[in-house]
Structure formats: structure tokens, C-alpha cells
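Student: Based on what follows, work out the 3D shape:
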Amino acid sequence: MLIGKDYKIESDNLSVTIYKRMVSKKSGKEYWSPISYFSSIKNALHEFVNMGIRETELSDLKTVVQKQEELYKLIDSLRI
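Tutor: Model prediction:
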């Protein structure tokens, strides 16, 4: 399941994995790189929100809250 344009979540019978879209510096080709593993989709989505918040570098509370709201709207649109 794609989350935005740069992340996706996949699961198998053992875990749920968050992947990030990457670009090879040598070939310029795009690929998906696993960045985190979880026991449930709920835990993976919580971490996705936490990752987004960390990307704001916690510059100020308003920025953090805006990013959190943006990510929750994105998750709500996934129709899981």
C-alpha cells in the first residue's frame, strides 16, 4: 500500500515493513528500501507519523502539529 509518493507499507506472514523510495546514485534507477519492521499495521502507521514529526526537526510546536495533521489525513485516505 502506497503512502504518499515516497513510502509504502507491505506485509507478509511475519511482519509489516515500511519502505522508502530511493534513487541509486550510480544508475539513477528508483528502488524501494526497507527502513522499519513491525508486528502490526497499527504500529507501522504510528511510526510513519513519528518519522514525519522527526523530519520537522521539532522546530516549533505549530510545525509539528501541522505535520501530524497532514500525516493523519494521508493515513485516513488510505481506506484500510
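Student: ok, the residue positioned nearest the centre of the chain to Gly28 distance?
Tutor: The centre of the chain sits closest to Phe48, judged by CA atoms, centre = their mean, with a distance of 4.0 Å. As defined by CB to CB, to the nearest Å, Phe48 lies at a distance of 27 Å from Gly28. Any C-beta I mention is one placed from the backbone N, CA and C, and that applies to glycine too.
Student: again with Ile75
Tutor: On the measure of CB to CB, Ile75 and Gly28 end up 31 Å apart.
Student: So between the two, which is more surrounded?
Tutor: Neighbours per residue, other CB atoms under 10 Å: of Ile75 and Gly28, the larger number sits with Ile75, 14 against 7.
Student: did I read that right, the residue nearest to the centre of the chain in a helix?
Tutor: Yes. According to DSSP: H, G, I helix; E, B strand; the rest coil, Phe48 belongs to a helix.
Student: residues touching it, list them.
Tutor: Residues in contact with Phe48, defined by CB atoms under 8 Å, 6 or more residues apart in numbering, are Ile3, Tyr7, Ile9, Ile18, Leu71, Ile75.
Student: Dihedrals phi and psi, the first one?
Tutor: Right, Ile3. When quoted as degrees, to the nearest 10, the phi and psi of Ile3 stand at phi -120, psi 100.
Student: now the strands: where do they sit in this protein?
Tutor: Remark: strands assigned in the chain by DSSP state E are 2-3, 7-11, 16-23, 30-38.
Student: For the last one, buried residues please.
Tutor: Read it as strand 30-38. Neighbour-count burial for strand 30-38 flags Ser36, Phe38 (criterion: 16 or more other CB atoms under 10 Å).
Student: Relative to it, what are the paired strands and their orientations?
Tutor: If you go by DSSP bridges, strand 30-38 pairs up with strand 16-23 (antiparallel).
Student: contact partners of the strand it pairs with?
Tutor: With CB under 8 Å, 6+ apart as the test, strand 16-23 has contacts from 5-11, 29-41, 43-44, 47-48, 51.
Student: Please repeat the previous calculation with a cut-off of 6 Å.
Tutor: 6-10, 30-38, 41, 44 (CB atoms under 6 Å, 6 or more residues apart in numbering).
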